[in-house]
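# take this sequence and fold it.
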Amino acid sequence: MVWAAPMSDVHSAVFQKVLAEERLQTARLYNFYRFIGISAFFVLVLVMQGVVRNPAWAGNLGFFAAYWATAGVMWVWGRRSDLFTRLAGLAIPFVDMPVVLLLHLAALPRTNAGFVVGSTTGFYILLIIGATVAFDAREIIAAAATAAVLQAVLQVRAGFGLGIMVFTTFMIVLATLGCTHVIRRVRHLVAGVTLEHLRRERLGRYFSPDVAAMLATAPERGPAAESREVTLLFADLREFTTLTERLAGPEVVALLNGYHERMVRQIFALGGTLDKYLGDGLMVYFGAPVPQPDHPERGVRCALAMQGEVEAWNREREARGEALLRMAIGIHTGTVILGDIGTPHRREYTAVGDAVNVAARLEQLAKAKNLPVLVSDATQQQLGATVRLISAGTVELRGRQQPLALWVPAGSVPS
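Numbering: from 1, shown residues only. Below you'll find the predicted structure:
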């Protein structure tokens, strides 16, 4: 009766929320259409009361009026109360079906018994279909069981044999099977739409809008593991721990949120992929999952844009008397392994490899050297004349046989 595919806790919670909202909307519509239908039928009864002498429903107008008023209360009150609306499915077996039985029992002495039984069966099947508003097979089955019992009571009173009882019960069972199948399909589709919504939302957190849209329409459920050359960017605020010691908890959170929002805006503007947040830092890469031949240039230009954003923010902070922020960025180009990494319960699409370690060390070195941006030789060699860099000497990195040449963008000065 439920979505068969395994769901994560987040997916399950969102799925239940979406299903509950849809159930409320559908139940409210059902309450409205029930009231309209009963009102129309009531008007027809009143008209026929004046046209047909001693009609089948004679003497039941008061009871029918009470039923009409009850339907009106359920519609009006259901618009104000979610709890009352959720009871719409239960009203079918415990209100609507007994009323149908009582009205038809009263009509038995005045009209053809076959017509009464056939009409009752038709009403019950319509009500079973109406029970789908709860999107719960259990309520459909409850309505079907009630319909079968009440129909049998009517048929016994009408003097029908076992054959008719079996036939009408069979019709009710067929209607129930059809409705439960529809419910399963609806829940399946809602779960699928919910999963797709979560997937798009997750993509939007880590990829630029254009890249996220491309990945969302890709036929694969997730990017396959691969080796690819990318340009990695690590960024980190300097002396952040010292700064936060003077701030309250909410202020630290607000500062980080403002910082990440501004940085991610620049990253996405240049088509970068946000791999992860690292407290007051960021890990970003260019060139994956969508290939970008100019990923080295994108990485350097992004670093400059990020530093420019921090400078603009500092002017605002200075005007408010707040502490200024300083950021160090390290950039390196190299081959990494990209893929979903983690446990079956928690995976993330990320990059691993020596190039990642080098980029992280360059960020730490930029912080130690008081440089805004530090670029590796591997990145500089692929820039050509697009971005002008100035040599910043070489450095010995643990695990590498050859010294690594360092560069800084022209115009970039210690801050």
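
# for the nearest residue to residue 237 once chain neighbours are set aside, list the residues it contacts.
Once flanking residues are discounted, residue 237 sits nearest to residue 280: 4.3 Å by Cβ to Cβ, 6 or more residues apart in numbering. No exception for glycine: its C-beta is placed from N, CA and C like everyone else's. Taking Cβ atoms under 8 Å, 6 or more residues apart in numbering, we find residue 280 in contact with 236, 237, 240, 256, 259.

# in the chain, which helix is the longest?
helix 162-206 (DSSP state H).

# for that helix, packing partners?
For helix 162-206, the packing partners by 3 or more Cβ pairs under 8 Å, 6 or more residues apart in numbering; DSSP states H and E come out as helix 9-51, helix 113-130, helix 137-158, helix 209-216, strand 273-278.

# lowest average confidence across the ones you listed, which one?
Mean pLDDT is lowest for helix 209-216 among the helices and strands packed on helix 162-206, at a mean of 59.

# mind telling me what element residue 228 is part of?
Per DSSP states H and E: residue 228 is located in strand 226-237.

# just want the angle from that strand to strand 273-278.
50 degrees (axes from the mean of the first three to the mean of the last three Cα atoms, to 10 degrees).

# so what strands line up beside strand 226-237?
Here strand 226-237 has these sheet partners by DSSP bridges: strand 281-286 (antiparallel), strand 327-343 (antiparallel).

# the nearest residue to residue 74 once chain neighbours are set aside: neighbour count?
Leaving aside its chain neighbours, residue 74 sits nearest to residue 31 (5.3 Å; criterion: Cβ to Cβ, 6+ apart). Neighbourhood size, residue 31 [other Cβ atoms under 10 Å]: 25.

# check contacts around residue 31.
71, 74, 75, 78, 85, 88.

# which ones among the residues you listed are found in helices?
Among these, the subset assigned to helices under DSSP H consists of 71, 74, 75, 78, 85, 88.

# hmm, which two among the residues you listed are most spread apart?
Taking Cβ to Cβ as the measure, the ones in helices among the contacts of residue 31 span a maximum distance of 13.7 Å, between 71 and 85.

# per-residue pLDDT, the residue nearest to residue 237?
90.

# could you say which helix or strand holds residue 90?
Using DSSP H and E, residue 90 falls in helix 88-91.

# other SSEs contacting whichever helix or strand comes after that helix?
Per DSSP H and E, the first helix or strand lying C-terminal to helix 88-91 is helix 97-107. Counting by 3+ Cβ pairs under 8 Å, 6+ apart, the packing neighbours recorded for helix 97-107 are helix 61-78, helix 113-130, helix 137-158.

# those into CSV, with extra columns for mean neighbour count?
Compiled in CSV, these are given as follows (neighbours: other Cβ atoms under 10 Å):
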stretch, mean neighbour count
helix 61-78, 16
helix 113-130, 19
helix 137-158, 20
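
# rebuild those helices as JSON lines, extending it with distance to residue 299.
Below are the helices and strands packed on helix 97-107 laid out as JSON lines (distance: least, Cβ to Cβ, whole Å):
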{"stretch": "helix 61-78", "distance to residue 299": "57"}
{"stretch": "helix 113-130", "distance to residue 299": "59"}
{"stretch": "helix 137-158", "distance to residue 299": "54"}
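
# for residue 365, find the nearest of these.
Here helix 137-158 is closest among the helices and strands packed on helix 97-107 (Cβ to Cβ), at 62.3 Å.

# which regions of the stretch 201-350 of the chain sit below the pLDDT cut-off?
Scanning the stretch 201-350 of the chain for pLDDT under 70 picks out the ranges 201-224, 344-347.

# what angle separates the longest helix of the chain from helix 9-51?
Using the same axes, to 10 degrees, the inter-axis angle of helix 162-206 relative to helix 9-51 is 140 degrees.

# contacts only, for residue 239.
residue 326.

# coming back round to it: next, give phi and psi for the residue nearest to residue 237.
phi -100, psi 20 (degrees, to the nearest 10).

# which positions in stretch 21-32 come out as buried?
23, 24, 26, 27, 28, 30, 31, 32 (16 or more other Cβ atoms under 10 Å).

# residue 126: which of those residues is nearest?
residue 30 (11.5 Å).

# what's the spacing between the helix or strand hosting residue 358 and its chain's center?
Using DSSP H and E, the element containing residue 358 is helix 354-368. Distance of helix 354-368 from its chain centroid, counting by Cα atoms, centre = their mean, to the nearest Å, is 36 Å.

# stretch 373-390 too?
Distance, centroid of stretch 373-390 to centroid of chain: 41 Å (Cα atoms, centre = their mean).

# next, the distance between the ends of that stretch.
End-to-end distance for stretch 373-390, by Cα to Cα, to the nearest Å: 11 Å.
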